[in-house]
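Participant: what would the 3D arrangement of this be:
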Amino acid sequence: MLEGGEVDVDASMPGSMTWRLVGPFRGGRVVAVAGHPTEVGTFYFGACAGGVWKTTNAGDYWENISDGYFNTAAVGAIAVAPSDPNVIYVGMGETSIRGDVSHGDGVYRSTDGGQTWRHVGLPETQSISTIRVHPTDPDLVYVAAFGHVWGPNPERGVYRSRDGGSSWTQVLHTSDGAGAIDLAMDPNNPRVLYAAMWDAQRYPHALRSGGPNSGIFKTTDGGDTWQELTRNPGLPTGVLGKIGIAASAKPGRVWALVESEDGALFRSDDGGANWQR
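Facilitator: Below you'll find the model as predicted:
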């Protein structure tokens, strides 16, 4: 399954492919990857403790491009603006909330392909899972913020900026204990977005995953209003935990990978109104 698209893939293909490590070899586990929309060898890599790295030759050589600009090292999300690939957004703080998770300090923006960076706000979000940029407007950006890992805080949910990060509006917030863990934009209509909220908290020796404020939400007006899809027909009826969401290029098709006692991968072909396992 490819986000934003759908292709037929031979199930035996992964086993017949040859893989090699292309680095970089420092920085820790991979938490974010983004590619240039037209330059096939240009990629950006976000590490849990090593900032942002860039390659222009498909991984033969990597260069750290965040040193000297970022105040924290843990990267949670990277997004390249489709209409202007010189514009890059990076959300700080990983959302794989292990016992040694590192927090971040908001969002950074580059307008020169990663040569320089500017901090553009949301410092108290601490953990950012996903960033989506409008396909034709590089200044219209959405951020899915999980928030504080170790306890409740109000700076979490989905944020929107219409001016490249100069100002932000919190457009979706379910509770101070649940944050946005994924965000998908409809490839056919950028005003349609799907958000996954996760009610969770990290403790020194445990993780609480799931609660009444986990769920799936949809907007059809660019984030001004949201409709909850959580209990629509076909989805699990019990307590929900972490959710992954993806919107297909096929109109109306949405995928949700749901953690629950009866969780599974679910598909909707009518924009989230009905689901099937």
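
Participant: low pLDDT regions in the chain?
Facilitator: Within the chain, the ranges that satisfy pLDDT under 70 run 1-9, 26-28.

Participant: buried residues, the lengthiest strand in it. List them.
Facilitator: Counting by DSSP state E, the longest strand found in the chain is strand 193-203. Residues 193-202 are the ones in strand 193-203 that count as buried (16 or more other CB atoms under 10 Å). Where you see a C-beta, it was placed from the backbone N, CA and C, and this is true even at glycine.

Participant: distance to Gln227 added to the residues you listed, as TSV?
Facilitator: Output for the buried residues of strand 193-203, formatted as TSV (distance: CB to CB, whole Å):
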residue	distance to Gln227
Leu193	11
Tyr194	10
Ala195	11
Ala196	14
Met197	13
Trp198	18
Asp199	19
Ala200	23
Gln201	26
Arg202	30
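
Participant: before we move on, the earlier item: in whatever helix or strand comes next after the longest strand of the chain, what counts as buried?
Facilitator: Following strand 193-203 in sequence order, the next helix or strand is strand 206-209 (DSSP states H and E). Burial within strand 206-209, assessed by neighbour count using 16+ other CB under 10 Å, is assigned to Ser209.

Participant: what helices or strands is strand 206-209 leaning on?
Facilitator: Under the contact criterion of 3 or more CB pairs under 8 Å, 6 or more residues apart in numbering; DSSP states H and E, strand 206-209 touches strand 193-203.

Participant: what is the strand it packs on packed up against?
Facilitator: Counting contacts by 3+ CB pairs under 8 Å, 6+ apart, strand 193-203 packs against strand 141-145, strand 157-161, strand 178-185, strand 206-209, strand 215-219, strand 240-247.

Participant: now with 6 Å?
Facilitator: strand 178-185, strand 215-219, strand 240-247 (3 or more CB pairs under 6 Å, 6 or more residues apart in numbering; DSSP states H and E).

Participant: export the longest strand of the chain as CSV, just CAs?
Facilitator: The C-alpha coordinates for strand 193-203 follow below in CSV (Å, rounded to 0.1, in the frame of the first residue of the first chain):
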residue,chain,number,x,y,z
LEU,A,193,-8.0,15.2,5.6
TYR,A,194,-8.2,12.3,8.0
ALA,A,195,-6.6,12.5,11.5
ALA,A,196,-5.9,9.6,13.9
MET,A,197,-5.9,10.5,17.6
TRP,A,198,-4.1,8.4,20.2
ASP,A,199,-5.0,8.4,23.9
ALA,A,200,-1.7,7.2,25.4
GLN,A,201,0.9,8.0,28.0
ARG,A,202,4.4,6.8,28.8
TYR,A,203,5.5,5.7,32.3
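
Participant: next, the angle strand 157-161 makes with it.
Facilitator: If you take axes from the mean of the first three to the mean of the last three CA atoms, to 10 degrees, strand 193-203 sits at 130 degrees to strand 157-161.

Participant: adjacent strands (with direction) for strand 193-203?
Facilitator: With DSSP bridges as the test, strand 193-203 is paired with strand 178-185 (antiparallel), strand 206-209 (antiparallel), strand 215-219 (antiparallel).

Participant: just name the most buried of those strands.
Facilitator: The highest average neighbour count among the strands paired with strand 193-203, using mean count of other CB atoms under 10 Å, belongs to strand 178-185 at a mean of 25.

Participant: roughly how far apart are the closest residue to Pro138 other than its chain neighbours and Val141?
Facilitator: Closest residue to Pro138 apart from its sequence neighbours, by CB to CB, 6 or more residues apart in numbering: Ala81 at 3.6 Å. Using CB to CB, to the nearest Å, Ala81 is found at 8 Å from Val141.

Participant: tell me the contacts of Gly252?
Facilitator: Residues near Gly252 by CB atoms under 6 Å, 6 or more residues apart in numbering: 269-271.

Participant: Thr220: how many residues sit nearby?
Facilitator: Close neighbours of Thr220, defined as other CB atoms under 10 Å, add up to 15.

Participant: what about it, distance to Ala11?
Facilitator: Taking CB to CB, one finds Thr220 at 35 Å from Ala11.

Participant: same check on Ile245?
Facilitator: 23 Å.

Participant: coming back round to it: is it possible to get TSV of the helices and strands packed on strand 193-203 that adds distance to Ala74?
Facilitator: Below are those laid out as TSV (distance: least, CB to CB, whole Å):
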stretch	distance to Ala74
strand 178-185	16
strand 215-219	26
strand 240-247	19
